[in-house]
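> how would this look folded up:
(chains A and B)
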Number of protein chains: 2
Amino acid sequence: MPGPTTYFDPATTSHLDPRTRDLVERRARSLGSAYRLFYRTPLEFVRGEGAHLFTADGTDYLDAYNNVPSVGHAHPRVAAAIAEQAARLSTHTRYLSRATVDYAEDLLGTFPAHLGNVMFTCTGSEANDLALRIVRAATGRRGVIVTENAYHGVTTEVAALSPSLVGADAVADWVRVVPAPTPGTDFAAAVAAAIDSLDAAGIGLGCLIVDTIFASDGVLPDAPGLAAAARAAQAAGGLLVADEVQPGFGRLGDGLWGFDRHGLVPDLVTLGKPMGNGYPVAAVVARPELVDAFAARGRYFNTFGGNTVAIAAAQATLDVVREEGLVARAARLGAVLAEGLRAIGGSVVEVRGCGLFLGVQLGDEGTAREAVNALEERRILIGASGLRNDTLKVRPPLALSDADAERLLDGLAAVLG
Amino acid sequence: MPGPTTYFDPATTSHLDPRTRDLVERRARSLGSAYRLFYRTPLEFVRGEGAHLFTADGTDYLDAYNNVPSVGHAHPRVAAAIAEQAARLSTHTRYLSRATVDYAEDLLGTFPAHLGNVMFTCTGSEANDLALRIVRAATGRRGVIVTENAYHGVTTEVAALSPSLVGADAVADWVRVVPAPTPGTDFAAAVAAAIDSLDAAGIGLGCLIVDTIFASDGVLPDAPGLAAAARAAQAAGGLLVADEVQPGFGRLGDGLWGFDRHGLVPDLVTLGKPMGNGYPVAAVVARPELVDAFAARGRYFNTFGGNTVAIAAAQATLDVVREEGLVARAARLGAVLAEGLRAIGGSVVEVRGCGLFLGVQLGDEGTAREAVNALEERRILIGASGLRNDTLKVRPPLALSDADAERLLDGLAAVLG
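This is a model prediction of the structure:
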């Protein structure tokens, strides 16, 4: 989630050209007041390629924000897989599909053996919502522990456990919020206290859920105390849900999944955003015995979830990640960016992250807001994050090139140095 | 929702050919025990066209079940729109998109003027879940009234108000279940009693939600008492949510939306399944003042919801519905099918429905199960529905041809006559 201060202010339209202003106003009338646009001056793109987005007049923006088109905007291999399958057959999981089973086995082969089942949804929100349903069926307990500024999605149930969306005071009564694992906090002690609190309230611990890069908490790659806290939650009969919607599929440059970096043994893993490079496909990967407990209470079906086109997109995306060596590229260019960012000095307080998921902490929210809009003027797309919205989130498509990385560092140095 | 008895029984595989059995077993291992397959003998399709699905050996099945590929399986116009857009740009609603605003205006033009905003999701489940969040923000009340065998989706919150999925006894404590509007029931009185019950419990009425064709309640096109009940709910300060996920986009052969047939004035309308002819796209259409109340508590974003490819698919689908005159075709062929079905006699107790959404009530669940599997053997795909799973749900793609309708009636007559 980007910081709210990097959004366009609909009350301020006088600086827009007439054509943009007209579109902004028509959009506000039809989509309504809950939608947001990025940046002081909203952007309209018509084409994408690699880590670049282009406006109608051909102006080239370097995309250092979008983690969904992970293998590159409009990647020809993924676009062709979608086109071919959409022209042939788009149908659901109540018929047999060889490609679906092939992809399921391929995907599961990237996880530890105990995670033997995959269930498909359309969005990361649906994946986290389904994971919760499975947790509750398996444990009989409703309680959930989340970090201070966590974001896990927009359905009623996962919004109610997402303090970054609804505010820490407005989470549901079965939620316990703990500080994110930073060097100054005792994460394991905070989780232990939250377990006690859920027990004392007669709710009980269903699961601890963590985004394994803590993206909305400001990007916390080291997460001291995380493994111990997870073990304690599991020892108390709770389940561990690793939310890989943002870090997953190789972005961290160290294998495909963020939980591996911390030595976690998750009971469920949720996937989303980059899974189909933009096609709506997401998933829950889980221990089969948990799925059995869920299945004992009812069947599962999601009309579009894992349909034949979604599977074609997901398989092509995973193939490209491997064949273009994008995990290694994320590691290499991530290190280049981190080193370059640390050398900038200026308003940079700290650079955290791994692979192509970097958090650049600045002094305060105002500095971050100005930096995001100044970078937009330099045709570089970036967002802000963190509990105080003071952290730039550098999270480009993994298709970033060496030249792109250089351009990104030059822009960041000019704005922050 | 098809009746559970029309699913494949994983304990019975000896009648399957070795290749199918192997795929079924691999699928069960990877997707787990909550998934279902249709029919005594599961089917594997490799291609679709119009209202037809084809297996690898070229066998042609007539599809009288799938309402998602509404303008026809793999419709070339929709497939081309998806292919073109996926190869150019797939991005989200935080950038400006002219096509998105054009589609929003086009879609809203098909609704009464008071429904002035549209918000995009990926699935009907997400649309109903978002509608509930809006209802609660606007009314401050949590209570929901649903019909006896209603189905509104699979997120935690909408599953909890879907008796057909979780059982009438397992709905949440803020849900009141009323009998569906049939000639034998006083629907308005039942809704009035449910409102009183929610008030007495201190919960209060947030909304009455109805599928405007009552698909999972057995297909009830007349719905006596519905309009009076809706007025009473609205007079009591509740909102009316018209769930058009199944009946919408012209299937009923009488305009695009089912609520119009009943003279309802909904506050929110939810859309899904046929909206993108299989591409995951869905929406909530609402009064702007309700969206404003929701927006006062937080922004809205859905990563894939209404992305540029989803909009291309949705616009092409709506264009085809109009240009191929599919609403009129649904009316004409629906009448042919209804008349033909009524002439069959045999095990047909009653034929209900309108347009290409017909319920064929048989004597009992066993008869319906046998009919579904006998029709599969005749290469006709159909499902069962209703409170007692005794109703065949005839719901083909709107691309059904005159010859298809004749073949469907011949098959139904042979099995039911």
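
> next SSE downstream of the longest helix along chain A?
In chain A, assigned by DSSP state H, the helix with the most residues is helix A:326-344. Helices and strands here follow DSSP states H and E; after helix A:326-344, the next one along the chain is strand A:350-354.

> contacts for that next one?
Contacts of strand A:350-354 from elsewhere in the structure, counted by CB atoms under 8 Å, 6 or more residues apart in numbering or on different chains, are A:213, A:218-222, A:252-254, A:261, A:334, A:338, A:341-342, A:358-361, A:394. Glycine gets a C-beta too; all of them are placed from N, C-alpha and C.

> show me what A:Ser239 is bridged to.
Residue A:239: Leu, not Ser. Beta bridges link A:Leu239 to A:Cys207 when assigned by DSSP bridges.

> can you read off the pLDDT for it?
What the model reports as pLDDT for A:Leu239 is 98.

> pretty sure it is in contact with A:Leu290, am I right?
Yes: under the criterion of CB atoms under 8 Å, A:Leu239 lies in contact with A:Leu290, with a separation of 7.3 Å.

> more neighbours: these two, which one.
A count of neighbours by other CB atoms under 10 Å in any protein chain shown puts A:Leu239 above the other of A:Leu239 and A:Leu290, at 25 against 22.

> tell me which residues touch whichever residue of the stretch 301-417 of chain A sits closest to chain B, please.
Using CB to the nearest CB, the point where the stretch 301-417 of chain A gets nearest to chain B is A:Phe304, with a distance of 3.8 Å. Contacts were defined as CB under 8 Å, 6+ apart; by that measure A:Phe304 touches A:92, A:122, A:280, A:310, B:68, B:122-123, B:278-280.

> may I see the ChimeraX selection of the buried members of those residues?
Typed into ChimeraX, the next command selects the buried ones out of the contacts of A:Phe304 (criterion: 16 or more other CB atoms under 10 Å in any protein chain shown):
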select /A:92,122,280,310 /B:68,122,123,278,279,280
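
> using TSV, lay out the contacts of A:Phe304 together with pLDDT.
Written out in TSV, the entries for those read as follows (pLDDT from 0 to 100):
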residue	pLDDT
A:His92	97
A:Cys122	98
A:Pro280	98
A:Ala310	98
B:Val68	98
B:Cys122	98
B:Thr123	98
B:Gly278	98
B:Tyr279	98
B:Pro280	98
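
> quick check, nearest of the contacts of A:Phe304 to B:Ile195?
Of all those, the one with the least separation from B:Ile195 (CB to CB) is B:Thr123, at 29.4 Å.

> tell me where the stretch 51-200 of chain A has helices.
A:76-88, A:98-108, A:124-139, A:156-159, A:163-166, A:187-200 (DSSP state H, counting those that start in this stretch).

> the second one packs against which elements?
Read it as helix A:98-108. strand A:117-121, strand A:282-286, helix A:308-323, helix B:18-31 (3 or more CB pairs under 8 Å, 6 or more residues apart in numbering or on different chains; DSSP states H and E).

> give me the buried subset of the contacts of strand A:350-354.
Buried positions within the contacts of strand A:350-354, assessed by neighbour count (16+ other CB under 10 Å), are A:213, A:218-221, A:252-254, A:261, A:334, A:338, A:341, A:358-361, A:394.

> can you flag which of those belong to helices?
Short answer: the buried ones among the contacts of strand A:350-354 in helices (DSSP H) are A:261, A:334, A:338, A:341.

> pull the contacting residues for the third one.
Contact analysis of A:Ala338 by CB under 8 Å, 6+ apart lists A:351, A:353, A:358.

> what is the neighbour count of A:Glu289?
Close neighbours of A:Glu289, defined as other CB under 10 Å, add up to 14.

> what's the pLDDT at it?
As summarised for this prediction, A:Glu289 has a pLDDT of 98.

> please tell me how far it sits from chain B.
Look at A:Glu289 and chain B: by CB to the nearest CB, to the nearest Å, they are 10 Å apart.

> check which helix or strand that residue maps to.
Remark: A:Glu289 resides in helix A:288-295, with elements defined by DSSP H and E.

> out of the contacts of A:Phe304, which are inside strands?
Counted as lying in strands by DSSP state E, out of these, is not a single one.

> just put the contacts of A:Phe304 in TSV and tack on distance to B:Ala228.
Written out in TSV, the entries for the contacts of A:Phe304 read as follows (distance: CB to CB, whole Å):
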residue	distance to B:Ala228
A:His92	37
A:Cys122	37
A:Pro280	39
A:Ala310	43
B:Val68	33
B:Cys122	35
B:Thr123	32
B:Gly278	37
B:Tyr279	38
B:Pro280	36
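
> who are the contact partners of A:Ser401?
By CB under 8 Å, 6+ apart, the contact list for A:Ser401 reads A:50-51.

> can you list the residues of the stretch 151-300 of chain A near chain B?
Applying CB under 8 Å from any CB of the partner chain, one finds that the stretch 151-300 of chain A approaches chain B through A:154-157, A:159, A:165-166, A:272-273, A:277-280, A:286, A:288, A:291-292, A:294-295, A:297-300.

> among the residues you listed, which ones are buried?
Among these, those classed as buried by 16+ other CB under 10 Å are A:154-157, A:159, A:165-166, A:272-273, A:277-280, A:286, A:288, A:291-292, A:294-295, A:298, A:300.

> what does the stretch 301-417 of chain A put close to chain B?
Residues of the stretch 301-417 of chain A that fall close to chain B, judged by CB under 8 Å from any CB: A:301-305, A:307, A:309-310.
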